[in-house]
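[1] predicted model and sequence follow; I will ask about them next.
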Amino acid sequence: MTKDCHEGAGRKIRRVPGYLAIIAGKDEFLVDQDGRACFEKAKKAAGADAEAEVISGQIIRVDDARTLETQFVDSVKTLSMFGSKRVIWLRNLNLVADSVQAKSEEVKESLAAMLKAATEADPAVLIVISATPYDGRRKDLANLKSVATDFILHAAPSKSPFDKGDAQADAQVAMVVERLKALGVKAERGVPEVLVGRVGQSTRLVLGECEKLATYAGPGGTIKEADVHLLVPTFGEGDFFEPIEALAARDLKWGLESLDRYFFNEDSSRPLLSALQNRLRLLIQIRCLADSGDFRLTDAGLPKGQFEAASGRHGPTFGSAAKSSANLFSQNAWYVSNKVAPAAARYTLAELVDLQLACADCFDASNRGEDESSVRALFLRALAVKRSA
């Protein structure tokens, strides 16, 4: 659809492209997926006789920007001799990344020239620009939102899994469910969320790990949470540790095997102990609320709506809403209800308090260089014997 922008009576009418789509974000898979969808949409609108061209927007050196500028501008200004429309996709543009090259004045000048050519293109030209990785502080593309037919800006992935309002994680969880279903395997409750929590900064990796897990489970098989921790490596800034999940499941065999894997790669127990203490703070709060009758705990976690109801009753008592393991109600509702709460059903309050005190002892042991032996002793005491009160 052609847009005409009138700048006042008697003044020149500024040309705009017949279609302009801008897609940007840090996740290359999502940006490319939406870019392709817009490209196909533009080709369909342009008709069967349209000329289509894909131009790589990647540069390695600063000098490459001038070459890319010339190629793109020439393509935009070249009209078909036979009157058919042209569809151009400037794909994977990295001139708006947080890089040394993208910050240079030469590259910024080339980018400005390219965007100017795009917004002033003939109505017979339909343009798609997909940019990744995208530095959200840059305004080059955001300034074109008002003139773009389609403008899609993907939110940056959360640095910590299960943060509130993580739109990318929510979308990825839905993708995992669909992909595993298409691969003919089942997944236990919580598996998609755990998978996204480990590699969620990259959608391509998330979907790739789905293929690996499905192969491991076999046709018609069921993927367990333990399988995800065993087979899927933590990516980026993921901070999940398999031993914590084994401890939460109260599984001695898994716990000791997970410690073998952890200490094969790590010398210090401190990162693991810090994460465990954070989890225990939440579990102690959940167990207290369960013992008081506010929560009805099961091995599957909290029934839907219980966390929100308790938050309304007790949230003000817990103080600041700033996210902290000291404030249960500052956490993501799904994370607490489905990921953390099941462990509170397997431990008494006394056992959880003992575990928290044992973590402090392990920190002291770490100062003496007894990291692995002290943590193994903690796991054996917690998992080999169940305390009744």
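    It's in.

[2] what sits up against the host helix or strand of Val375?
    Following DSSP states H and E, the helix or strand that holds Val375 is helix 371-384. Identification of contacts with helix 371-384 by C-beta atoms under 8 Å, 6 or more residues apart in numbering yields 243, 247, 250-252, 255-256, 259, 263, 267-270, 272-273, 351, 354-355, 358-359, 361-362, 365-366. Just so you know, the C-beta spots here come from the backbone N, C-alpha and C atoms, and that holds for glycine as well.

[3] and those residues, which are buried?
    Buried subset of those (neighbour count, 16 or more other C-beta atoms under 10 Å): 243, 247, 250-251, 255-256, 259, 263, 269, 272-273, 351, 354-355, 358-359, 362, 365-366.

[4] the closest residue to Lys186 other than its chain neighbours: how many residues sit nearby?
    Closest residue to Lys186 apart from its sequence neighbours, by C-beta to C-beta, 6 or more residues apart in numbering: Thr222 at 4.4 Å. Thr222: 12 surrounding residues under other C-beta atoms under 10 Å.

[5] do Thr67 as well
    Neighbours of Thr67 (other C-beta under 10 Å): 12.

[6] when you give positions from now on, start the count at 27
    Shifting the count to begin at 27 puts that one at Thr93.

[7] show me what contacts it?
    Contacts for Thr93 (C-beta under 8 Å, 6+ apart) come out as none.

[8] that one is in what secondary structure piece?
    helix 89-103.

[9] quick check: what element follows that helix along the chain?
    Moving toward the C-terminus from helix 89-103, the next helix or strand (DSSP H and E) is strand 112-119.

[10] so which bits of the longest helix along the chain are buried?
    Secondary structure of the chain per DSSP state H: the longest helix is helix 296-317. For helix 296-317, burial by neighbour count (16+ other C-beta under 10 Å) applies to 298-299, 301-303, 305-313, 315-316.

[11] stretch 121-134 now?
    Under the neighbour-count criterion of 16+ other C-beta under 10 Å, stretch 121-134 has Leu121, Val122, Ala123, Gln127, Ala128, Val133, Lys134 buried.

[12] mind giving me the packing neighbours of the strand or helix carrying the last one?
    When you say that, I think you mean Lys134. Following DSSP H and E, one finds Lys134 within helix 131-145. Secondary-structure packing of helix 131-145 (3 or more C-beta pairs under 8 Å, 6 or more residues apart in numbering; DSSP states H and E): helix 89-103.

[13] distance from the helix it packs on to the middle of the chain?
    33 Å (C-alpha atoms, centre = their mean, to the nearest Å).

[14] and that helix, what's buried?
    Ala91, Leu94, Glu95, Gln97, Phe98, Val99, Ser101, Val102.

[15] and which of these is nearest to Asp253?
    Closest to Asp253 out of the buried residues of helix 89-103 is Leu94 (44.3 Å), distances taken as C-beta to C-beta.

[16] follow-up on the earlier one: in JSON lines, list the buried residues of helix 89-103 along with pLDDT.
    Listed next are the buried residues of helix 89-103 as JSON lines, based on pLDDT from 0 to 100:
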{"residue": "Ala91", "pLDDT": "92"}
{"residue": "Leu94", "pLDDT": "95"}
{"residue": "Glu95", "pLDDT": "93"}
{"residue": "Gln97", "pLDDT": "95"}
{"residue": "Phe98", "pLDDT": "95"}
{"residue": "Val99", "pLDDT": "95"}
{"residue": "Ser101", "pLDDT": "93"}
{"residue": "Val102", "pLDDT": "93"}
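
[17] just name the closest of these to Ala150, please.
    Ala150 lies nearest to Val102 out of the buried residues of helix 89-103, by C-beta to C-beta, at 10.8 Å.

[18] list the contacts of that closest one.
    Ile114, Ala143, Ala144, Ala147, Val151, Ile153.

[19] where does the stretch 77-226 of the chain dip in pLDDT?
    Residues of the stretch 77-226 of the chain meeting the criterion pLDDT under 70: 182-192, 226.

[20] my bad, the stretch 227-376 of the chain
    261-266, 345-348.

[21] all helices for it, in order.
    Using DSSP state H, counting those that start in this stretch, the helices of the stretch 227-376 of the chain run over 229-243, 251-257, 268-275, 278-291, 296-317, 332-344, 359-360, 367-370, 375-393.

[22] just the angle between the helix holding Thr93 and helix 131-145, please?
    10 degrees (axes from the mean of the first three to the mean of the last three C-alpha atoms, to 10 degrees).

[23] contacts for the longest helix of the chain next, please.
    The contact list for helix 296-317, computed with C-beta under 8 Å, 6+ apart, reads 265-267, 269-270, 273-274, 288, 292, 321-323, 336, 340, 351-352, 354, 357, 362, 366-367, 369-371, 373-375, 378-379, 381-382, 385, 388-389, 392, 397, 401.

[24] residues of the helix holding Val401 that come out buried?
    Buried residues in helix 397-410 (16+ other C-beta under 10 Å): Asp397, Glu398, Ser400, Val401, Arg402, Leu404, Phe405, Ala408, Leu409.

[25] just those residues now: which is nearest Val203?
    Nearest to Val203 among the buried residues of helix 397-410 is Leu409, at 31.5 Å by C-beta to C-beta.

[26] ok, now how distant is the closest one from Glu66?
    Distance, Leu409 to Glu66, by C-beta to C-beta, to the nearest Å: 54 Å.

[27] one more: Ala50?
    Distance of Ala50 to Glu66, given as C-beta to C-beta: 19 Å.
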